[in-house]
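>>> one predicted model, sequence on top.
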Amino acid sequence: MAVTIADVARHAGVSIKSVSNYLNDYPFMSDAMRARIAASVEALDYKVNASARGLRLGRTGAISLVVPELAQPYFAQLAEDVVVRAEHHGLHVSIEMTGADPQRELAYLAGDRGPQVDGLIMHAVGLARTSGEVTELRYPTVLIGDEIAAEGCDFVTMAHEAAAAAAVGYLAARGRTRIVALGAERETDAPSGARLRLDGYRGGLEDAGLAAAPELLVPAGLWRIGSGRQAIEALIDAGVEFDGVVGFNDSLALGAISALAHAGLDVPGDVSVIGFDDIDEAPFASPPLTTADPSRHVLAQTAVDMLVERIEGESGPARRVEAPFHIVERASA
C-alpha cells in the first residue's frame, strides 16, 4: 500500500497540515520542523501524488507539443526530446499535428483544438510563412523553430541563416562553385526558417565570392526524402551543371544522395552534399551525411524549461533564445 501524507504525519509526530505545507514549500516553517518532516519523508520513501497535487493547483500535469507533421524525422525526434525533458519535470506530453496549416496552428494557440493542458510548445511553420499576428493565446506558450508575431511568447530558435551560410562555406572551401539550394521555396517577407536558410545560402555564396545562379535555387515541396530525390533527378535531366548540394534539411539531402547514386554520380567525388538538422539517420547514409547540427536537444530542453517557468508563474518579458550550431563532418562532403 502506498505511503500517505497521514503516514508521514504520524511518523514525524506532526499534523497533516504541516506535512502538506512542507510538500508545497510553505515559506513560514521552522528549520527544525522542515528537517523533521524531511527525515520522515525519506524514511518512509514517500512519493508525491502528482495527479492529486495538480488538481489542488488547478493544473492538468500535461503540456502540448504542436508540430507540422511526424513524417519528417526531425519533428519525430524533436518530439522525443521534448517528452524526455517534460518527464524530468513530471509532465505528460500531448503531441498534435497541424499539416503546416496556419488556421489549425491558430486554433491550437487559441485553445480551440487539442486537449486541456497547462502550456503549449509549437513549431508554427504555416504562420511563419505569412505575415499574420497571433493575438489570442489560451495557455503559456513557447514557440520553437520558426518565428511568428505573437506578443508575450517566449521563442527558442535555431541559427537558420548562420548555419546555412556555414554549410555553403564548407562546400566552397572544398572547391565547389555550383552549389544547389535544395528546398528554396517561393519568396516571402515572413521570417520563416526556409527563407532564413535561403538568405544564409546567398550570404554564404557572397562570402565565398561565388555568383548566385537562379537555376540552382531548387524548390522541393514537402521536405522529405522523395521530394529531394525528385528535385535532383529533374535537375540532372534538365542538364543543369552543379557540383554541390545544400539540402535545407537532412531528408532533402538524403534524397539528393539517392538521386545522384541512381544517375551514376559519385558523392562526394562528383557532387558534395551537406544537410541540415543532424537527424539520427544521417550517420547511416551511404556515404554518411555531413550536416549542420542546430542543437535539437538544446532547443527542446530550453523550450520545456522555459514553458515550465511560465506555468509556475514567471511573468517577465518575452525571451528569445538561439541555440548554437556546428558542422558535423562526415563523408558526403
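Yep, it's here.

>>> could you pull out the buried residues of stretch 207-221?
A208, L210, A213, L216, L217, V218, A220 (16 or more other C-beta atoms under 10 Å). C-beta: built from backbone N, CA, C; applies to glycine.

>>> what ranges does the protein have for its helices?
For the chain, the helices defined by DSSP state H cover 5-12, 16-23, 31-44, 50-56, 73-88, 102-110, 125-128, 160-172, 193-207, 225-237, 250-262, 296-311.

>>> looking at the ones you listed, which is closest to A282?
Among the helices of the chain, the nearest to A282 by C-beta to C-beta is helix 250-262 (5.3 Å).

>>> chain center to that closest one: distance?
How far helix 250-262 lies from its chain's middle: 23 Å, per C-alpha atoms, centre = their mean, to the nearest Å.

>>> what sits up against stretch 237-245?
Stretch 237-245 is contacted by residues 171-172, 176-180, 182, 215-216, 232, 235, 253, 256, 270-274, 333 when judged by C-beta atoms under 8 Å, 6 or more residues apart in numbering.

>>> just the buried ones from these?
Buried subset of these (neighbour count, 16+ other C-beta under 10 Å): 171-172, 176-180, 182, 216, 232, 235, 253, 256, 271-274, 333.

>>> what's the mean pLDDT across stretch 209-229?
The average pLDDT within stretch 209-229 is 94.

>>> before we move on, what about stretch 90-109?
Rounded mean pLDDT across stretch 90-109 is 93.

>>> buried ones in that stretch?
91-93, 95-98, 100, 102, 104-109.

>>> just give the number of residues close to A6.
A6 is flanked by 10 other residues according to other C-beta atoms under 10 Å.

>>> and it, how far from V41?
A6 is 13 Å from V41, where distance means C-beta to C-beta, to the nearest Å.

>>> do D146 as well
Distance, D146 to V41, by C-beta to C-beta: 44 Å.

>>> of these two, give the one with the bigger neighbour count.
D146 (26 against 20).

>>> contact partners for that one?
D146 touches H123, A124, V125, L127, A128, T157, P191, S192, G193, counting by C-beta under 8 Å, 6+ apart.

>>> how about 10 Å then?
If a contact means C-beta atoms under 10 Å, 6 or more residues apart in numbering, then D146 has 68, 100, 122-129, 155, 157-158, 160, 190-196 as its contacts.

>>> can you pull the pLDDT of the residue of the chain most remote from its centre?
What lies farthest from the middle of the chain is G13; by C-alpha atoms, centre = their mean that is 48.7 Å. As predicted, G13 sits at a pLDDT of 93.

>>> you'd agree it is up against A39?
No. Between G13 and A39 there is no contact under C-beta atoms under 10 Å: 11.1 Å.

>>> re the thing from before, which of the buried residues of stretch 90-109 lies closest to L265?
Distances from L265 to the buried residues of stretch 90-109, taken by C-beta to C-beta, are shortest for A100, at 31.9 Å.

>>> need the contact list for A263.
Counting by C-beta under 10 Å, 6+ apart, A263 has contacts I232, E233, I236, D237, D270, V271.

>>> same list (those) but as TSV, adding pLDDT and distance to D305.
Below are these laid out as TSV (pLDDT from 0 to 100; distance: C-beta to C-beta, whole Å):
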residue	pLDDT	distance to D305
I232	98	39
E233	98	43
I236	97	46
D237	97	48
D270	98	45
V271	98	41
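
>>> now, the most widely separated pair of those?
In these, two members sit farther apart than any others by C-beta to C-beta. They are D237 and D270, at 16.1 Å.

>>> ok, L137 - how many residues close by?
15.

>>> that one contacts G152, correct?
Yes. Counting by C-beta under 10 Å, L137 sits close enough to G152 to count as a contact (6.8 Å).

>>> let me have the contacts of A263 in TSV, adding distance to F248 as columns.
As requested, these are arranged in TSV below (distance: C-beta to C-beta, whole Å):
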residue	distance to F248
I232	13
E233	17
I236	19
D237	21
D270	21
V271	16
